[in-house]
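Engineer: Mind folding the following:
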Amino acid sequence: MLSANLPALEEIDFAIICKQVREHIRYTQQEMAKFFGVSKPTYVNWELGKTVPSGKVAVWLYNTHKQMLLELQQYK
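Structural biologist: The predicted structure follows:
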């Protein structure tokens, strides 16, 4: 597990999370790659589900996506 508050890494669909977070904050794939300090191809692979982020990046994405969904639910 990533931490006590997160599900196991293999249970998280980072491809969807990456794309939804990126679109929500209106960043390009290049901007997201720069934000995380990775190459654009690395970020694109996360978004395509070919590889997954790890460590602090995975935690940040998971928590940001969760918060984003909670905020969107408040507007329903």
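
Engineer: Against which helices or strands is the longest helix seen in the chain packed?
Structural biologist: In the chain, with assignment by DSSP state H, the single longest helix is helix 55-74. Applying 3 or more C-beta pairs under 8 Å, 6 or more residues apart in numbering; DSSP states H and E, one finds that helix 55-74 contacts helix 14-25. (Each C-beta comes from the backbone N, C-alpha and C, glycine too.)

Engineer: Next SSE downstream of the helix it packs on?
Structural biologist: Going down the chain from helix 14-25, the next helix or strand is helix 29-36, by DSSP states H and E.

Engineer: Who are the packing partners of that next one?
Structural biologist: If you count contacts as 3+ C-beta pairs under 8 Å, 6+ apart, helix 29-36 packs onto helix 14-25, helix 40-48.

Engineer: among the ones you listed, which is nearest Val59?
Structural biologist: Val59 sits nearest to helix 14-25 of all these, at 11.4 Å, using C-beta to C-beta.

Engineer: Format the helices and strands packed on helix 29-36 as JSON lines; extra columns: mean neighbour count.
Structural biologist: What follows is the helices and strands packed on helix 29-36, written out as JSON lines (neighbours: other C-beta atoms under 10 Å):
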{"stretch": "helix 14-25", "mean neighbour count": "17"}
{"stretch": "helix 40-48", "mean neighbour count": "17"}
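
Engineer: In CSV: the ones you listed, plus distance to Thr64.
Structural biologist: Below are the helices and strands packed on helix 29-36 laid out as CSV (distance: least, C-beta to C-beta, whole Å):
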stretch, distance to Thr64
helix 14-25, 5
helix 40-48, 14
